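> mind looking at a prediction? Sequence and model below.
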Amino acid sequence: MTNKDLANLIFPNVTKTVEDIEKMYPKRQLKENEEVTRFAPSPTGFMHIGNFMMALIDYIIVNNNGGVFYLRNEDTDKNREVDDAINLIMDTLKHYNIVPDEYEYDNKVVGNYGPYIQSKRMEIYHVYIKHLIEIGRAYPCFCTPEDLNLMRERQEQTKIRTGYYGRFTKCRKLSVEEAINKIKNKEPYVIRFKSNGDFENKIWVDDLVKGRLHLSENDIDDVIMKSDNLLPTYHFAHVIDDHLMHTTIVVRGEEWLPSVTKHIQMFEAFGFKAPKYVHTPLILKKEGESVRKISKRKDKEALMKYYEEVGYPSLAVIESVMTIINSNYEQWHQENPDKSFLDFQFDPKKMSSSGALYDLVKLEDISKNIISKMTKDELYSKSYEWSKKYDNKLQSLIEQDVDYYKNILNIEREQEKPRKDIAKYQDIYNLIWYMYDDLFTDISYEWGSITDISDIKNILNIYINDYYNDNDSKDEWFAKIKILAERLGYASNMKEYKKNKDKYKGNVADIATVLRVALTSKKNTPDLYEIMQLFGKSRIQNRFSQI
RNA sequence: GGCCUGUUGGUGAAGUGGUUUAACACAUAGCCCUCUCAAGGCUACAUACAUGGGUUCAAAUCCCAUACAGGUCACCA
């Protein structure tokens, strides 16, 4: 009885060889400097901001240097899998226009290196595992979860390193005959990789972010195939898939750092070349005084869905994540205001090697700037698309009269120093509702320094009858308000007023405030002239008469 | 507990032994401008780079120790 007999017993139906598979996945035709990156989420729910950051890095690397960016669905954990998850993830990527070159989605396969869904690659993994068994680098393990727990407890008690290694590798010592008998007896088993590492030996591992790391060799015989569904574990699938799909840079979270030695060892066992690694820092969240990993359950901003729902422009989210990816991004962007973020050269060395707090306030600022630079047509179409999904009230306002809505958006827009008060589409309704007559009922007015209703009525009457004219330019319009102010005993010149406050009842601002509140109910609004221009005399009159 | 990684203002951070009196941006505060607000302009904001020791003419930058924080030790990824 040989290892070959054992391998045939375990995989009687595997007839292909490693060479057969290798032929199916020929080297990619890459130019110099071109890279192959991949985004490989496991479909366990909505997309997390940490995942998004990784996808963005993958995408940018390939945009910088050319190459291929592909999506691989890592669905080897059937217990945690969520049905629709991969669609949700793909939808999020599409929303941000981070579309992979190769993917498998909606029964459509794009690319020659598929299947891109791990559960569909079972046969491939089995070929390689079979090979490993044949050459004596993998073996079946019959230890039960109870056995393993017991072992770990004993290790903990005696304060030695936990794990299936060295003298604890019980099933490694089984003879081929014993193993074959157990399998024939239907004893459940997993397949373990036979490590040849020595924990006392340190090796150098390169990470593009952290630099050279001095790590102990792996000596644990890791599980590479699970007992119940014969699917591979992450470690094994990573090695096989990234080799066959010819990934050149693996971007993944920092939590994988401790297991790179396992991966390198497996790459070596097959004689494969290991990819370069970018281990990204964790995104953190401050909670009181302590800092922790941002969490899907506790933090709304951990889920990419949140940014969509609330209506941040996709570019704002991208740019705010870019500031975490590379700290020099912001400066670069200031110097190159007209370039796309895709022109930015990603440099892993510029990535922080410790975790970063994600700052929602910063996002607001970035987003206000981006929205302020949109034309009214752009903002209209983006906010309209958003409202159809998330805000019926805004949607119906827009649909009432598209041009009117655009004109409202255009107040203090499309000029050199545009207004910056919208951070997200969700803000719009509360900023503009008073521009709509059917919403302008049952109003509570926030008057300023002039509160007496008969004074107010008096001001409004004089203004509309003696001064207001739709055809006035802004200068003429304001000059008239000044004249009105003087006539009623209010200073028209602020400097003059500050010098001699006693001589006046107040100043132009008080008069303007009366007009503003009468028209909008609010003390703070965008430019009054532009608002009046949009209303026109008869609507102004209507609003005044509502007082 | 073992192993690994990290620690510069409220936040993202620049910085790789000497014009850094620690950039820049956000936040915060004040002033200016102004019909209000949003902006915009100006100003302030780390006595000091976790702490303690070294090395050096010179250290946030190199070395050591300590503290703290995070990651990881699954048939989860």
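That came through fine.

> residues from the stretch 401-547 of chain A in reach of RNA strand B?
A:412, A:417, A:419-421, A:474, A:478, A:494-495, A:508-509, A:512-513, A:516, A:523-529 (CB under 7 Å from any atom of the strand). Every C-beta, even on glycine, is put in place using the N, C-alpha and C of the backbone.

> can I get the buried part of the residues you listed as one ChimeraX selection?
With 16 or more other CB atoms under 10 Å as the burial test, the buried ones among these are selected in ChimeraX as follows:
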select /A:419,478,508,509,512,513,516,525,526,528,529
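
> now residue A:241: how far from residue A:342?
27 Å (CB to CB, to the nearest Å).

> comparing the two, which shows the higher neighbour count?
Shown here are residue A:241 and residue A:342; by other CB atoms under 10 Å, residue A:241 has more neighbours (22 against 13).

> so residue A:305 sits in a strand?
No: Residue A:305 is assigned helix when assessed by DSSP: H, G, I helix; E, B strand; the rest coil, not a strand.

> distance of it from RNA strand B?
Distance check for residue A:305 against RNA strand B: by CB to the nearest atom of the strand, to the nearest Å, it reads 19 Å.

> and the pLDDT at that residue?
We have a pLDDT of 92 for residue A:305.

> ok, it touching residue A:46?
Yes: counting by CB atoms under 8 Å, residue A:305 sits close enough to residue A:46 to count as a contact (5.2 Å).

> overlap of the contact sets of the two?
Residues touching both residue A:305 and residue A:46 (CB atoms under 8 Å, 6 or more residues apart in numbering): A:88, A:92.

> helix or strand with the lowest mean pLDDT in chain A?
Lowest mean confidence among the helices and strands of chain A (mean pLDDT, DSSP states H and E): strand A:290-293, at a mean of 73.

> show me what that strand is packed up against.
strand A:283-287 (3 or more CB pairs under 8 Å, 6 or more residues apart in numbering; DSSP states H and E).

> which residues does the strand it packs on contact?
So strand A:283-287 is contacted by A:49-50, A:53, A:291-295, A:298-299, A:302, A:324, A:355-358 (CB under 8 Å, 6+ apart).

> which among the residues you listed gets closest to residue A:118?
The closest of the contacts of strand A:283-287 to residue A:118 turns out to be residue A:50 (CB to CB; 20.4 Å).

> centre of the chain to the helix or strand hosting the closest one, how far?
Using DSSP states H and E, residue A:50 sits in helix A:49-65. Averaging C-alpha positions (CA atoms, centre = their mean, to the nearest Å) puts helix A:49-65 10 Å from its chain's average.

> cool, and stretch A:497-517?
Distance, centroid of stretch A:497-517 to centroid of chain: 49 Å (CA atoms, centre = their mean).

> and for stretch A:45-64?
For stretch A:45-64, the distance to the chain centre is 7 Å (CA atoms, centre = their mean).

> does it reach RNA strand B?
No: using CB under 7 Å from any atom of the strand, stretch A:45-64 stays clear of RNA strand B, with a minimum separation of 9.4 Å.

> alpha carbons only: can I get that stretch in PDB?
This file holds the C-alpha atoms of stretch A:45-64, laid out as PDB (Å, rounded to 0.1, in the frame of the first residue of the first chain):
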ATOM      1  CA  GLY A  45     -23.700  40.000   3.700                       C
ATOM      2  CA  PHE A  46     -23.500  43.600   2.700                       C
ATOM      3  CA  MET A  47     -20.200  45.100   1.700                       C
ATOM      4  CA  HIS A  48     -18.000  46.400   4.400                       C
ATOM      5  CA  ILE A  49     -16.000  49.600   4.100                       C
ATOM      6  CA  GLY A  50     -12.800  47.600   4.700                       C
ATOM      7  CA  ASN A  51     -13.600  45.400   1.700                       C
ATOM      8  CA  PHE A  52     -14.400  48.500  -0.300                       C
ATOM      9  CA  MET A  53     -11.000  49.900   0.500                       C
ATOM     10  CA  MET A  54      -9.400  46.800  -0.800                       C
ATOM     11  CA  ALA A  55     -11.400  46.700  -4.000                       C
ATOM     12  CA  LEU A  56     -10.500  50.300  -4.600                       C
ATOM     13  CA  ILE A  57      -6.800  49.500  -4.100                       C
ATOM     14  CA  ASP A  58      -7.000  46.600  -6.500                       C
ATOM     15  CA  TYR A  59      -8.700  48.800  -9.100                       C
ATOM     16  CA  ILE A  60      -6.300  51.600  -8.800                       C
ATOM     17  CA  ILE A  61      -3.200  49.400  -9.000                       C
ATOM     18  CA  VAL A  62      -4.500  48.000 -12.300                       C
ATOM     19  CA  ASN A  63      -5.500  51.500 -13.600                       C
ATOM     20  CA  ASN A  64      -2.000  52.800 -12.700                       C
END
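
> buried set for it?
Buried, per 16+ other CB under 10 Å, within stretch A:45-64: A:45-64.

> same question for stretch A:224-241.
So for stretch A:224-241, counting by 16+ other CB under 10 Å, buried means A:224-225, A:227, A:231-241.

> do it and RNA strand B meet at all?
Yes: on the criterion CB under 7 Å from any atom of the strand, stretch A:224-241 is in touch with RNA strand B at A:226, A:227, A:228, A:231, A:233, A:234.

> lowest pLDDT pick from the residues you listed?
For the residues of stretch A:224-241 next to RNA strand B, the least confident entry is residue A:228, with 84.

> so the closest residue to it other than its chain neighbours: helix, strand or coil?
If you skip the residues right next to it in sequence, residue A:228 has residue A:188 as its closest partner in space, 7.9 Å away by CB to CB, 6 or more residues apart in numbering. What three-state DSSP gives for residue A:188 is coil.

> OK, contacts around the residue of chain A positioned farthest from its centre?
Within chain A, the residue lying farthest from the chain centre (CA atoms, centre = their mean) is residue A:503, at 59.2 Å. Listed by CB under 8 Å, 6+ apart, the contact set of residue A:503 reads residue A:491.

> residues of the stretch 251-400 of chain A that sit close to RNA strand B?
Near RNA strand B, when you scan the stretch 251-400 of chain A using CB under 7 Å from any atom of the strand, you find A:254-259, A:281-282, A:284, A:286, A:290-293, A:323-324, A:327-328, A:330-331, A:334, A:349-350, A:352-357, A:359, A:361-362, A:364-365, A:368.

> and with 6 Å instead?
A:254-255, A:257-259, A:282, A:290-293, A:323-324, A:327-328, A:330-331, A:349-350, A:352-357, A:359, A:361-362, A:365 (CB under 6 Å from any atom of the strand).

> now swap in the stretch 101-250 of chain A and tell me
Counting by CB under 6 Å from any atom of the strand, the residues of the stretch 101-250 of chain A that sit close to RNA strand B are A:144-145, A:148, A:152, A:159, A:161-163, A:190, A:210, A:213-216, A:223, A:226-228, A:233-234.

> out of these, which sit inside helices?
Those of these mapping onto helices are A:145, A:148, A:152, A:234, per DSSP state H.

> can you give me the helices in the stretch 201-350 of chain A?
Under the criterion DSSP state H, counting those that start in this stretch, the stretch 201-350 of chain A carries helices at the ranges A:234-244, A:260-270, A:304-310, A:314-325, A:329-335.

> how about residues contacting the fourth one?
What that stands for is helix A:314-325. Outside helix A:314-325, the residues touching it (CB under 8 Å, 6+ apart) are A:49, A:52-53, A:56-57, A:60, A:95-97, A:283, A:304, A:307, A:329-330, A:333, A:341, A:344, A:346, A:351-352, A:356, A:358-359, A:362-363, A:366-367, A:370-371.

> still on that earlier bit, selecting buried members of the residues of the stretch 101-250 of chain A next to RNA strand B in PyMOL, what would you type?
Command for PyMOL that selects the buried part of those, burial taken from 16+ other CB under 10 Å:
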select buried, chain A and resi 148+163+190+210+213+215+223+227+233+234
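
> sorry, back to before: are any of the contacts of helix A:314-325 buried, and which?
A:49, A:52-53, A:56-57, A:60, A:96, A:283, A:304, A:307, A:329, A:333, A:341, A:344, A:346, A:351, A:356, A:358, A:363, A:366-367, A:370-371.

> tell me the pLDDT of residue A:105.
Looking at residue A:105, its pLDDT is 89.

> all set now, cheers.
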